[in-house]
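Student: 3D model of this:
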Amino acid sequence: ICPAIVVPKRRSDCVFEMNDVEIEMGPYADSFGRPKMPPMMAQWHQMRSRGMPSVFDNGYLMAAAAFGVVAVFVMLVLTAFVCCQCAGFVRRRRNKAKFTVAFFHPSCDDMGGGEQVLWRAISSMQSLFPTCEIAILCRKGLESESKEDVVGKVVQRFGLPSIDMKRLRLIPLTQSERLDPARYPRFTLVLQTLAGILPGIEAAIKLSPNMIIDTVGSPLALLPSWFQGASTAAYVHYPIISTDMLSAVKSRKQGTVHNKGANSQSAFKIFIKIIYYRLFAVFYGRAAFFVDKAIVNSSWTKGHIDNLWQVNADVVYPPVQVDDFLSIGGNDSFKQRRDVICVGQFRPEKDQVMQVRVIVDVRNRLRSKGMDEDSLPRLVLVGGVRGSADQAVLEEILNTAKELGDQDCVRTVVNAPFSKLRQELGACKVAIHTMWNEHFGIAVVESMAAGCIVVANKSGGPRADIIDHGLNGFLAETDAEYVECLMRIFDGESTDALNTVQQRRMTSEARKKSLKFAAPKFSLSLCTSLVALVAVRVLRKRNPDGGHYDASNIKKAAAAVEERLQGWTLSDDDCEGESDSAWTVIQN
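Tutor: Okay, here's the model as predicted:
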């Protein structure tokens, strides 16, 4: 609006004074040499002299700018969806005979429980559908490693059967880094969930699968492929929001990741956080609209997902390599065990710091009763370190032991192979698990199968599906309860101590319970749920006017699968290997 300073070109140029500011004018002068304003500046000066408002005064320009930003964003989203549709149409015409199943799991090379579910599901899908192509939508940077190296590490860590390399593709997504929660220090839940749509758009453009399965808890990543007509499924390990989280914030429960720093002390911030969680729960519940099939890993997760998504999710327990742990040790080796083990990645929610406090207290009590130092139990932490955040948690654990004056009470085993994990489980007597609201607990089942006495947190999956308190393990919640359970095992002089016979009976019951979560059962249960989803897709092709959400089609598919599998159960022979008869039933 204001004129620029113009370099004088003739003598008639002059200096014009306005609002006590001298502005050097260009060739704007009348025939008498008197200064004359440029047209735009004259109009602006006339409006101001009459008291008329400027566009800046009422915010008209700001509103127009905001509207323009929103319009540009909407146009970009629409353009991305159009590109997705075009890419999907072209690829399906080009690969008409191929049935592609994509797994959205950027961190597929990690060695946690979620990755074990992913790779076991891939192995099962390759066995069930011999002609389909499997694709993993992985993180950026994984292309630097060969596919053989990635699969080799996974097979060695999880003891999986062979995976067909010819029918497996790794598709790196440059937008996968948007899912990193460290990028969003504020409003993490909302921003991280919304960010899932960006790698989803990239996946739809690069691949255009017939079926896409989310295994990391990012349902919006399925949206672009859903617009292309792909069947969608979500294997939910952990609900992003739950009523338990709200209760923890209300009660200011310490030791949870939701009550750190000043937020656990300020009543106003707690009130704001509760409102924020409630609004996000409504938003998260609407994400189920894009999910054709919801699958969960435990009864605890099912209760929350059914409530949030208003669905009837299938419970498919994660795969546990029970056979590899049942062969560990026996009655003779059980007498030699004395340590306490914890298997899990080094993350804040695992709360290994609490385990250090508990083991130091137990050692002090046993030391006061005359037990020598060599016989005192130690805490063995077996877990993976993926980056600087995990390394910081590990250092905090070791520093806690130093501060409590018992540095020798902890021994760490980082990024151990599967053989080392079996060896450590076979040498320990007790397995401790302190994570609050663990969604399932694969490490808990592995410890039970290895013959350890498990002391787990009284919440989540261990309480709902795995541990029967006093029969096949113990459940505890506070430091004092954990110490009491461990003293019953290690202190033979206690009134309620477990003798050797009772301990062996408990480990025997624990091993029997672990058979419920054998890996072949996971494969058959998962494929049963997905076969119904494939049947829905076939019915849609036969009746395209039925719509994307045709309840009759879904009921027909589910009824057909249930009728075929009615009365069929997994036998002991099937636990040792996936039998041909079982797969024949599923394939038919």
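
Student: so for the chain, the centremost residue is which one?
Tutor: residue 216 (4.2 Å; CA atoms, centre = their mean).

Student: looking at this, it is in a strand?
Tutor: No. Under DSSP: H, G, I helix; E, B strand; the rest coil, residue 216 falls outside any strand and is assigned coil.

Student: put the alpha carbons of stretch 442-461 into CSV.
Tutor: Backbone C-alpha positions of stretch 442-461 (Å, rounded to 0.1, in the frame of the first residue of the first chain) are rendered in CSV as follows:
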residue,chain,number,x,y,z
ILE,A,442,4.1,-62.0,25.1
ALA,A,443,7.1,-62.0,27.5
VAL,A,444,4.8,-63.1,30.3
VAL,A,445,3.7,-66.2,28.4
GLU,A,446,7.3,-67.0,27.3
SER,A,447,8.4,-66.8,30.9
MET,A,448,5.6,-69.1,32.0
ALA,A,449,6.5,-71.6,29.2
ALA,A,450,10.1,-71.5,30.3
GLY,A,451,9.2,-72.6,33.8
CYS,A,452,9.5,-69.2,35.7
ILE,A,453,7.2,-68.1,38.4
VAL,A,454,5.7,-64.9,37.0
VAL,A,455,4.8,-61.8,39.0
ALA,A,456,2.9,-59.5,36.7
ASN,A,457,1.0,-56.3,37.1
LYS,A,458,-2.6,-56.6,38.1
SER,A,459,-4.0,-54.9,35.0
GLY,A,460,-4.5,-55.3,31.3
GLY,A,461,-3.9,-58.6,29.4
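
Student: in it, which residues are buried?
Tutor: Counting neighbours by 16 or more other CB atoms under 10 Å, one finds that the buried residues in stretch 442-461 are 442-457, 459-461. For every residue, glycine as well, the C-beta is placed using N, CA and C.

Student: next one: that stretch to chain centre, how far?
Tutor: Taking the mean C-alpha point of stretch 442-461 and that of its whole chain, the gap between them comes to 21 Å (CA atoms, centre = their mean, to the nearest Å).

Student: circling back: ok, the residue nearest to the centre of the chain to residue 235 distance?
Tutor: 9 Å (CB to CB, to the nearest Å).

Student: how about residue 533?
Tutor: Counting by CB to CB, the gap from residue 533 to residue 235 is 12 Å.

Student: what's the neighbour count on residue 495?
Tutor: Using other CB atoms under 10 Å, residue 495 is surrounded by 6 other residues.

Student: list the buried ones in stretch 468-479?
Tutor: Of the residues in stretch 468-479, those buried by neighbour count under the rule 16+ other CB under 10 Å are 472-476.

Student: any chance of these in a markdown table, plus secondary structure and distance to residue 377?
Tutor: Below are the buried residues of stretch 468-479 laid out as a markdown table (DSSP: H, G, I helix; E, B strand; the rest coil; distance: CB to CB, whole Å):
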| residue | secondary structure | distance to residue 377 |
| --- | --- | --- |
| 472 | coil | 21 |
| 473 | strand | 17 |
| 474 | strand | 15 |
| 475 | strand | 20 |
| 476 | strand | 16 |
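
Student: which two of those have the greatest separation?
Tutor: Longest distance between any two of the buried residues of stretch 468-479 is 14.7 Å, between 472 and 476; criterion CB to CB.

Student: stretch 107-117: how far from the chain's middle?
Tutor: How far stretch 107-117 lies from its chain's middle: 10 Å, per CA atoms, centre = their mean.

Student: can you give me the end-to-end span of that stretch?
Tutor: 12 Å (CA to CA, to the nearest Å).

Student: buried sites along that stretch?
Tutor: Counting neighbours by 16+ other CB under 10 Å, one finds that the buried residues in stretch 107-117 are 107-117.

Student: for stretch 178-195, same thing?
Tutor: Burial within stretch 178-195, assessed by neighbour count using 16+ other CB under 10 Å, is assigned to 178-179, 184, 189-190, 192-193, 195.

Student: with stretch 306-317 instead?
Tutor: Using 16+ other CB under 10 Å as the burial criterion, the residues of stretch 306-317 that qualify are 308-309, 311, 313-314, 316-317.

Student: over to stretch 125-136?
Tutor: Of the residues in stretch 125-136, those buried (16+ other CB under 10 Å) are 125-129, 132-136.

Student: residue 533 and residue 235: which is more packed in?
Tutor: Using other CB under 10 Å, the more surrounded residue of residue 533 and residue 235 is residue 235, with 27 against 20.

Student: all helices of the stretch 451-588 of the chain, in order?
Tutor: Counting by DSSP state H, counting those that start in this stretch, the stretch 451-588 of the chain has helices at residues 460-461, 479-490, 500-514, 519-542, 551-565, 572-576, 580-587.

Student: returning to that earlier point: can I get the buried residues of stretch 125-136 in JSON lines with pLDDT and distance to residue 404?
Tutor: Converted to JSON lines, the buried residues of stretch 125-136 look like this (pLDDT from 0 to 100; distance: CB to CB, whole Å):
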{"residue": "125", "pLDDT": "82", "distance to residue 404": "48"}
{"residue": "126", "pLDDT": "84", "distance to residue 404": "50"}
{"residue": "127", "pLDDT": "78", "distance to residue 404": "50"}
{"residue": "128", "pLDDT": "72", "distance to residue 404": "52"}
{"residue": "129", "pLDDT": "73", "distance to residue 404": "54"}
{"residue": "132", "pLDDT": "81", "distance to residue 404": "54"}
{"residue": "133", "pLDDT": "88", "distance to residue 404": "54"}
{"residue": "134", "pLDDT": "91", "distance to residue 404": "48"}
{"residue": "135", "pLDDT": "92", "distance to residue 404": "49"}
{"residue": "136", "pLDDT": "93", "distance to residue 404": "43"}
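
Student: who touches the nearest residue to residue 496 once chain neighbours are set aside in this structure?
Tutor: By the measure of CB to CB, 6 or more residues apart in numbering, the closest residue to residue 496 outside its immediate chain neighbours is residue 488, 5.7 Å from it. For residue 488, the residues meeting the contact criterion (CB atoms under 8 Å, 6 or more residues apart in numbering) are 474, 494, 496-498.

Student: residue 502 versus residue 488, what's the distance?
Tutor: Taking CB to CB as the measure, residue 488 and residue 502 are separated by 10 Å.

Student: again with residue 415
Tutor: Counting by CB to CB, the separation of residue 415 from residue 502 is 36 Å.

Student: residue 426 too?
Tutor: Using CB to CB, one obtains 21 Å as the distance from residue 426 to residue 502.

Student: so those two - more neighbours on which side?
Tutor: Taking neighbours as other CB under 10 Å, residue 426 and residue 502 compare with residue 426 leading, 20 against 12.

Student: re earlier: turn the contacts of residue 488 into TSV, including pLDDT and distance to residue 297.
Tutor: Written out in TSV, the entries for the contacts of residue 488 read as follows (pLDDT from 0 to 100; distance: CB to CB, whole Å):
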residue	pLDDT	distance to residue 297
474	96	23
494	73	36
496	81	34
497	85	35
498	87	31
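
Student: of all those, which comes closest to residue 525?
Tutor: Top of the list for closeness to residue 525, among those and by CB to CB, is residue 474 at 28.3 Å.

Student: contacting residues around the closest one?
Tutor: The contact partners of residue 474, by CB under 8 Å, 6+ apart, come to 453-456, 467, 485, 488.

Student: closest to residue 70 among these?
Tutor: Within the contacts of residue 474, proximity to residue 70 (CB to CB) peaks at residue 456, which comes in at 49.0 Å.

Student: residue 386 reaches residue 110, doesn't it?
Tutor: Yes. Contact between residue 386 and residue 110 holds when scored by CB atoms under 8 Å: they sit 6.2 Å apart.

Student: what sits up against the helix or strand containing residue 360?
Tutor: Per DSSP states H and E: residue 360 is located in helix 352-368. Counting contacts by CB under 8 Å, 6+ apart, the residues outside helix 352-368 that touch it are 255, 340, 342, 344, 346, 373, 376-379, 381, 393, 396-397, 400-401, 404-406, 409-410, 432, 434, 479, 482-483, 486-487, 490-491.
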